[in-house]
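[1] Next input, structure requested:
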Amino acid sequence: MAPTQHQTRWALDILLLHWGMALLIVGMMVVGWIARTLPLSPLKIELFFWHKSFGVALLALTLLRLARRLRHPHPGWPVAMPRWERRAARAVHGLLYTLMFVTPLSGWVINSAAKFPFKVFGVWTLPAIVAADKSIQHLAEQVHMGCFILFFSTLLLHIAAALRHHFILHDTVLRRMLPEGFTTMTQNKNLDT
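    As a prediction, this is how the structure comes out:
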């Protein structure tokens, strides 16, 4: 959908999904990395329980976010933003959406191939999506780790680009994704400098 003439920011539900999922993704990266480095222990099992449960939640939220994003108009790019930069932004966002699907799905394949019974948040049994198979499990583990590295790198690029737009270019790219009160505060701060 094309942006409306007066639309300058994302809708509140998009903002909530963006920032909530951002916190969830970073938290899952930290918990997953810590759990991976621990020796087998009750703490390791507990951390993986939460990592897997929130991974399934992340997959569901990604579907919701994509459905909402496809129906909601984009606020539009700053007029001065070059075409190459718009294309790069679209590519990075496309990669982030892809990783939001592939990363939890590869984790689900790991769990299925390991034939590890698992209840999401201790309530809902996660069905197997592949047969038990050590070679599939090993491949899915490599994909999951590759996704982690690519996800982490892409997030850093995404954050660096948003900060560049805000603090160097002084355009609206970051402000349109911030809550209204925070936007006003940062606009006033930028006007003072």
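
[2] buried set for stretch 21-40?
    21, 25, 28-29, 31-32, 35 (16 or more other C-beta atoms under 10 Å). For glycine as for every other residue, the C-beta is placed from the backbone atoms N, C-alpha and C.

[3] what does stretch 38-48 give?
    Within stretch 38-48, judged by 16+ other C-beta under 10 Å, the buried ones are 47-48.

[4] quick one: contacts of that stretch?
    Stretch 38-48 is contacted from outside by 31-32, 34-35, using C-beta atoms under 8 Å, 6 or more residues apart in numbering.

[5] redo that, cut-off 10 Å
    If you take C-beta atoms under 10 Å, 6 or more residues apart in numbering as the criterion, stretch 38-48 is touched by 30-37, 55, 107, 111, 116, 118.

[6] Same check on stretch 18-34?
    Contacts of stretch 18-34 (C-beta under 10 Å, 6+ apart): 10, 43-44, 46-48, 50-55, 57-58, 61-62, 64-65, 69, 96, 99-100, 103-104, 107, 144-145, 148, 151-152, 155, 158-159, 177-179.

[7] out of those, which are buried?
    By 16+ other C-beta under 10 Å, those give 10, 47-48, 51-55, 57-58, 61-62, 65, 69, 96, 99-100, 103-104, 107, 144, 148, 151, 155, 158, 177-178 as buried.

[8] tally of neighbours for residue 139?
    Residue 139: 15 surrounding residues under other C-beta atoms under 10 Å.

[9] Against residue 174, how distant is it?
    38 Å (C-beta to C-beta, to the nearest Å).
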